[in-house]
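Q: my questions are about this predicted structure, shown below with the sequence.
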Amino acid sequence: MSKPFDRRKFLKVSGMSLGVGALISVAPAMAGGGPSATLRRWFRRQNGEELTPFNLVQLSDAHVGFQGPPNPTGTKAFERAIDVVNGLDPQPDLILFTGDLTHEAEAPGEHAKRMQLFQTLTSRLKSKKVMYVPGEHDAALDNGVLYRQFFGETHYAFDHRGVHFIALDNVSSGKPAVGTEQIEWLKRDLARYPRTAPIIVFTHRPLFDLRPDWEWFTRDGDDVLNALAPYENVTILYGHIHRHDVHQTEHAMHYASRSLIFAFPDPMTAGDKKPVPFDKEKPFRNLGLQSLAEKKGRLDVDDVELTLREFGGTDGVQQILKSGESL
């Protein structure tokens, strides 16, 4: 029986990280069959795939439809991120989008238009395998009804190149919670896999108490982490906090991606949750994405901040803001 997870006893690893690795297979393959060899044989039997190198990208918090002083450039950072991803060589196997694809609108027709615009923008991606989970701005007002019409189920699981991926929904109930039904589904899903299986969970809110007074937590996150606790190689990707951050809880590494609209301050030092002021000289400052690569049983996670290339200074900002202008 696993030890229950205490959300108050987590280790903050780093607030900024380049190339931080989360081990997904500790032992090398050995002649005669060591732990890694056994793991690879098991996945080959289970789904026809062994653990092989792959790349993936995490995007988060585009908030398509948002308008306000923290970022007057609208979707331009999102478009810039698409260009960055399209420039990667090799192209990512998967793109995981961890919520707040859109900014909510009380009128369903307006919110649907924002979701349509989001889909139009993502259609520019060269890599077509894009997986989504909702954020509260996508799904909280109507319990995910409109989101499902555009993007499908809010929680699901799949295997890719020997790694088990789990999409969790901790927003569409209208509360910061996963819910009993989904947690029971998670337990059934995990029961099919050995404790050495490499697992990547992607969700919107942090599953631990990062800053509860800022709504940076999941009410029943302990139950999710307890379900995952027996598994040795767990990586959790999330968004919501609009900044890169790294934490460790038990066997799990938690990585938050930067947003694509505006940044929030460091929760460990800031008193108030106020967006970082817009910088006219560097309008994409603090915005970005995460690039992940599986290499010989190790998952390397890189924090990537967007750059302007030729767009810089006041003139560059005006060029970005031109109607119809794309980066």
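A: All right, it came through fine.

Q: could you look up the SS state of residue 253?
A: Recorded secondary structure, residue 253: strand (DSSP: H, G, I helix; E, B strand; the rest coil).

Q: that one - how many residues pack around it?
A: 21 (other CB atoms under 10 Å). Any C-beta I mention is one placed from the backbone N, CA and C, and that applies to glycine too.

Q: do residue 68 as well
A: Residue 68, neighbours per other CB under 10 Å, totals 12.

Q: quick check: phi and psi at it.
A: With angles defined as degrees, to the nearest 10, residue 68 sits at phi 170, psi 170.

Q: how far does stretch 244-253 stretch from start to finish?
A: 13 Å (CA to CA, to the nearest Å).

Q: in it, what's buried?
A: For stretch 244-253, burial by neighbour count (16 or more other CB atoms under 10 Å) applies to 244, 245, 246, 247, 249, 250, 251, 252, 253.

Q: hmm, residue 255 and the third one touching each other?
A: Yes. Under the criterion of CB atoms under 8 Å, residue 246 is in contact with residue 255, at a separation of 5.7 Å.

Q: now the strands for the protein?
A: 11-14, 18-23, 54-59, 94-98, 130-133, 156-160, 163-167, 198-202, 233-238, 245-249, 252-256, 288-295, 298-305 (DSSP state E).

Q: can I get those strands in JSON lines including mean pLDDT and distance to residue 212?
A: JSON lines is the format used below for the strands of the chain (pLDDT from 0 to 100; distance: least, CB to CB, whole Å):
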{"stretch": "strand 11-14", "mean pLDDT": "36", "distance to residue 212": "15"}
{"stretch": "strand 18-23", "mean pLDDT": "35", "distance to residue 212": "25"}
{"stretch": "strand 54-59", "mean pLDDT": "95", "distance to residue 212": "24"}
{"stretch": "strand 94-98", "mean pLDDT": "98", "distance to residue 212": "20"}
{"stretch": "strand 130-133", "mean pLDDT": "98", "distance to residue 212": "21"}
{"stretch": "strand 156-160", "mean pLDDT": "97", "distance to residue 212": "28"}
{"stretch": "strand 163-167", "mean pLDDT": "97", "distance to residue 212": "24"}
{"stretch": "strand 198-202", "mean pLDDT": "97", "distance to residue 212": "20"}
{"stretch": "strand 233-238", "mean pLDDT": "96", "distance to residue 212": "15"}
{"stretch": "strand 245-249", "mean pLDDT": "94", "distance to residue 212": "15"}
{"stretch": "strand 252-256", "mean pLDDT": "96", "distance to residue 212": "16"}
{"stretch": "strand 288-295", "mean pLDDT": "92", "distance to residue 212": "24"}
{"stretch": "strand 298-305", "mean pLDDT": "91", "distance to residue 212": "24"}
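
Q: just send those back as TSV, with distance to residue 278 too.
A: TSV is the format used below for these (distance: least, CB to CB, whole Å):
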stretch	distance to residue 278
strand 11-14	26
strand 18-23	25
strand 54-59	21
strand 94-98	23
strand 130-133	27
strand 156-160	36
strand 163-167	32
strand 198-202	28
strand 233-238	24
strand 245-249	21
strand 252-256	21
strand 288-295	16
strand 298-305	15
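
Q: out of the ones you listed, nearest to residue 270?
A: Smallest distance to residue 270 across the strands of the chain (CB to CB): 12.9 Å, for strand 245-249.

Q: run me through the strand neighbours of the closest one, direction for each.
A: Looking at strand 245-249 with DSSP bridges, its partner strands are strand 11-14 (antiparallel), strand 252-256 (antiparallel).

Q: at which residues are the helices of the stretch 151-300 of the chain located?
A: For the stretch 151-300 of the chain, helices defined by DSSP state H, counting those that start in this stretch occupy the ranges 180-190, 221-228.
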